[in-house]
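> Just to be clear, the model below is a prediction. Sequence and coordinates:
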Amino acid sequence: MSSPSRVRALPALLCLLAGLPAGAEVVPIGGGGGGVPRLVGLHGRLLRADGTAATGTASAAYSIYDAETGGSALWQESQTLGLSDGYYSTFLGLVTVPPDALFDGGARWLEVRFESETLTPRIRLGSVPYALTAQSVSGGSANVMSLQVGGQTVVDAGGHLAGSARYVGGEGIAVDDMSQTISLVRCPPNTWLISSADDTWQCRALPRADAIYSGYLYSEDWARFDAKYDSATQCGGDLSGPLAAPVVARLQSKPVSNAAPSTGQVLKWNGTVWQPSTDAGGGGTVTSVTGIAPVTVWLGTVTPEISLPQANAGGDGYLAAPDWQRFDAKFDAQTQCGGDLEGALASPVVAKLQGIRVDTAAPAAAQVLRFDGSRWTPASLGISDVGGLSSGYLDLSGTQIVAGSKTFATAPTFAPQAGNVPFTVGAGMSGRVDNLNADRLDGFEAADFVLNSAGIDASGIVSGTLAVARGGTGASVAFARGSIVFAGSGGAYTQNNPALFWDDANGRLGIGTNAPSKSLHVLGNAFLSGNVGIGSTDPQAALHVAGTTGAASSLMLQNTSGGGGTWRLGEETPGRLSVVRVPGGPC
């Protein structure tokens, strides 16, 4: 607005308006739906110093202070207002969102500046802007139908706690908000919820119990232990009574008498039972004893000595207790493998390589193991996996992209295994691919072999058809000498040798003829649009003929349709237009 030296405005009225000015947009702050719009309505009327209403537009600057005079500006923004008979209507906060703490209960004053003039005094703000704080409750009580926190109902319409607000689960306790049930934390298979050393519940795997570690009992171990004898088990065979205190009742199934023996008696078989009896022989000395390996007998003394050696790799014998423990601790066929192996020891599976997991997916032919960042997995070998290639041929199948700097000591052979296999030579290749002839591209079509122009020397391509879109001519035949090549229908290069011709020997251009006799030879009608200069490099008119001093004529018009006659223009004094009729011509 072109404002006078002074303006005056009707006292501004602050209010919350139900609508917005045309073109304004309300942006709720603090979320959609029930969020409080951070806008304060403002309207008034702007009058000039002479009392007339201002029109057009006016720039306005608004500031909210914490004092009637002086003080600090807590918020500011500038707007351009549209005026109608001086009246304007807008919202504070359309440009700069007021901070949450602006209306915290302290007194606030609004300062308005139109163009370069600040209106005084500042306007004390009433209670309406403070309604912006209604999005939160500070102290006091709230009368609501229900209560939600973060979109979840915690108090229902009946005033009851809802969802997980009714209870809180501690360690090892799971709370289901949907079914409102409490349960123990579900642990993964083969793990148990146990209390750890720091008094917290954790899902942990228990080891299998063995001679060294405590743990859980396998079912087969239970069956083996349950089948063992206990102290009350009644003995059989040559024994009788409970296992805790058995009695030898027989020897080799022959009964033994339970009569108490006397000193010096021996067990003597009486034909029915072994019983204590006096030795009828009256004593004697054993002079010969025979032993069966590994028992050895030494007869070098009056009393023979019988011994049994300890078993080792070189001979049989008795088993020492340390050897028993060593043998008992060894792995058997059902021992579960660890480290890089999994499964039973009888048929282990290599599940890792140097601690890195190997994928269980079945590999395809010619694939390799490639590390994907977490495991070894079957994958096809790409061109980017080949390093140090400096000579020889590389046979590629599938879609391959050759990018970056690649140097071939000899020309590569591209032989697809079946059908047309796309092959892309990317930008950035250094060097060149020589002699890339059609016989080196068996099975490829033009659309399958793509040469990106950047960084590619295609001078070695001596045969075949390269599409226009790939930098070629789109034709497989040479153009006729003198032809001016242009893009025809479909974008393919073409020629019209009889009608468009360049005589490079004489520097002549023929249009409508391929035998130009002049520098520019046009055969047929010619249409020239715009200024045309003849003998001039800066035409000043639709047809500008610049004659040469002393020339017979600057422009000659000749009727060749049978009437005859010739007209010459610009023949006499330079700078003047003269028309001279050549004798014999028509009037």
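Great, that's in hand.

> Confirm R224 sits in a helix?
Yes: checked against DSSP: H, G, I helix; E, B strand; the rest coil, R224 lies within a helix.

> domains for the protein, by residue range?
For the chain, the structural domains run 7-135, 150-183, 486-522, 531-587, going by automatic domain parsing.

> Sketch out the low-pLDDT regions of the stretch 351-500 of the chain for me.
Across the stretch 351-500 of the chain, the ranges flagged by pLDDT under 70 are 383-477.

> meant to ask about the stretch 151-300 of the chain
163-167, 171, 177-180, 281-284, 300.

> Start from the N-terminal end of it and give the strands.
All strands of the stretch 151-300 of the chain, identified by DSSP state E, counting those that start in this stretch, fall at 152-155, 173-176, 181-184, 192-195, 201-204, 239-240, 247-248, 250-251, 254-255, 266-269, 274-277, 296-298.

> show me where the stretch 451-587 of the chain has strands.
486-487, 493-494, 500-503, 508-511, 520-522, 532-534, 543-545, 555-558, 566-569, 579-581.

> For Q76, the count of nearby residues, please.
Counted with other Cβ atoms under 10 Å, the neighbours of Q76 add up to 13. For every residue, glycine as well, the C-beta is placed using N, CA and C.

> Now do the helices in the stretch 301-450 of the chain.
Taking DSSP state H, counting those that start in this stretch as the test, the helices found in the stretch 301-450 of the chain are 321-328.

> That one: strands as residue ranges?
For the stretch 301-450 of the chain, the strands defined by DSSP E, counting those that start in this stretch cover 305-307, 341-342, 349-350, 352-353, 356-357, 368-371, 376-379, 400-402, 423-425, 449-451.

> Which other helices and strands does the third one contact?
Identification of packing neighbours for strand 349-350 by 3 or more Cβ pairs under 8 Å, 6 or more residues apart in numbering; DSSP states H and E yields strand 341-342.

> Show me what E342 is bridged to.
V349 (DSSP bridges).

> could you pull out the helices for the stretch 151-300 of the chain?
Under DSSP H, counting those that start in this stretch, the stretch 151-300 of the chain gives helices at 219-226.

> Quick check: closest non-adjacent residue to Q540.
Distance criterion Cβ to Cβ, 6 or more residues apart in numbering; nearest residue to Q540, sequence neighbours excluded, is N531 at 7.3 Å.

> just checking, the one you found touches T537?
No: contact between N531 and T537 fails when scored by Cβ atoms under 8 Å: they sit 11.4 Å apart.

> Settle it for me: which of these two has more neighbours?
Between N531 and T537, counted using other Cβ under 10 Å, N531 has the larger neighbour count: 13 against 6.

> neighbouring contacts of stretch 61-68?
42, 71-79, 92, 98, 102, 106-113, 121-122, 124-125 (Cβ atoms under 8 Å, 6 or more residues apart in numbering).

> which of these count as buried?
Buried residues within the contacts of stretch 61-68, counting neighbours by 16 or more other Cβ atoms under 10 Å: 42, 74-75, 77, 79, 92, 98, 102, 108-112, 122, 125.

> I'd like the strands of the stretch 151-300 of the chain as a markdown table, with distance to P309 and mean neighbour count appended.
Formatted as a markdown table, these follow (distance: least, Cβ to Cβ, whole Å; neighbours: other Cβ atoms under 10 Å):
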| stretch | distance to P309 | mean neighbour count |
| --- | --- | --- |
| strand 152-155 | 81 | 14 |
| strand 173-176 | 64 | 13 |
| strand 181-184 | 60 | 11 |
| strand 192-195 | 49 | 12 |
| strand 201-204 | 49 | 14 |
| strand 239-240 | 30 | 14 |
| strand 247-248 | 28 | 13 |
| strand 250-251 | 27 | 14 |
| strand 254-255 | 31 | 12 |
| strand 266-269 | 30 | 13 |
| strand 274-277 | 32 | 17 |
| strand 296-298 | 7 | 12 |
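
> For G56, which of these is the nearest?
strand 152-155 (52.8 Å; Cβ to Cβ).

> what helices or strands is that closest one leaning on?
Counting by 3+ Cβ pairs under 8 Å, 6+ apart, strand 152-155 packs on strand 147-149.

> ok so, going back, so can I have JSON lines of the strands of the stretch 151-300 of the chain showing distance to R48?
Below are the strands of the stretch 151-300 of the chain laid out as JSON lines (distance: least, Cβ to Cβ, whole Å):
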{"stretch": "strand 152-155", "distance to R48": "58"}
{"stretch": "strand 173-176", "distance to R48": "70"}
{"stretch": "strand 181-184", "distance to R48": "75"}
{"stretch": "strand 192-195", "distance to R48": "83"}
{"stretch": "strand 201-204", "distance to R48": "80"}
{"stretch": "strand 239-240", "distance to R48": "131"}
{"stretch": "strand 247-248", "distance to R48": "134"}
{"stretch": "strand 250-251", "distance to R48": "138"}
{"stretch": "strand 254-255", "distance to R48": "142"}
{"stretch": "strand 266-269", "distance to R48": "145"}
{"stretch": "strand 274-277", "distance to R48": "145"}
{"stretch": "strand 296-298", "distance to R48": "138"}
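
> Tell me which of these approaches A313 most closely.
With distances scored as Cβ to Cβ, the stretch of those nearest to A313 is strand 296-298 (18.5 Å).

> Which residues does that closest one contact?
The contact list for strand 296-298, computed with Cβ under 8 Å, 6+ apart, reads V289, T290, G291, P304, E305, I306, S307, L308, P309.

> Most neighbours of all the residues you listed, which one?
Scoring those on neighbours with other Cβ under 10 Å, the highest-scoring entry is P304 at 16 neighbours.

> ok, now which ones touch the residue nearest to it when sequence neighbours are not counted?
Leaving out its chain neighbours, the residue that sits closest to P304 by Cβ to Cβ, 6+ apart is V289, at 4.2 Å. Residues near V289 by Cβ under 8 Å, 6+ apart: V297, L299, P304, I306.

> Find the nearest non-adjacent residue to T181, please.
V175 (7.9 Å).

> Kindly report the same for Q76.
Among residues not flanking Q76 along the chain, S63 sits closest, at 4.6 Å (Cβ to Cβ, 6+ apart).

> what's near enough to touch V349?
Counted by Cβ under 8 Å, 6+ apart, V349 has contacts L341, E342, G343.

> tell me which residues form a beta bridge with R250?
P255.

> Sorry, wrong one. I was asking about W274.
Those that pair with W274 in a beta bridge, by DSSP bridges, are V256, W269.

> go on, A73?
Under the criterion used (DSSP bridges), A73 bridges to Y65.

> R48 too?
Beta-bridge partners for R48, by DSSP bridges, are V7.

> Next, count neighbours for it.
Neighbours around R48, by other Cβ under 10 Å: 16.

> From G56, how far off is it?
12 Å (Cβ to Cβ, to the nearest Å).

> if we can go back for a sec, of all the strands of the stretch 151-300 of the chain, which one is nearest K518?
Per Cβ to Cβ, nearest to K518 of the strands of the stretch 151-300 of the chain: strand 152-155, 91.8 Å.
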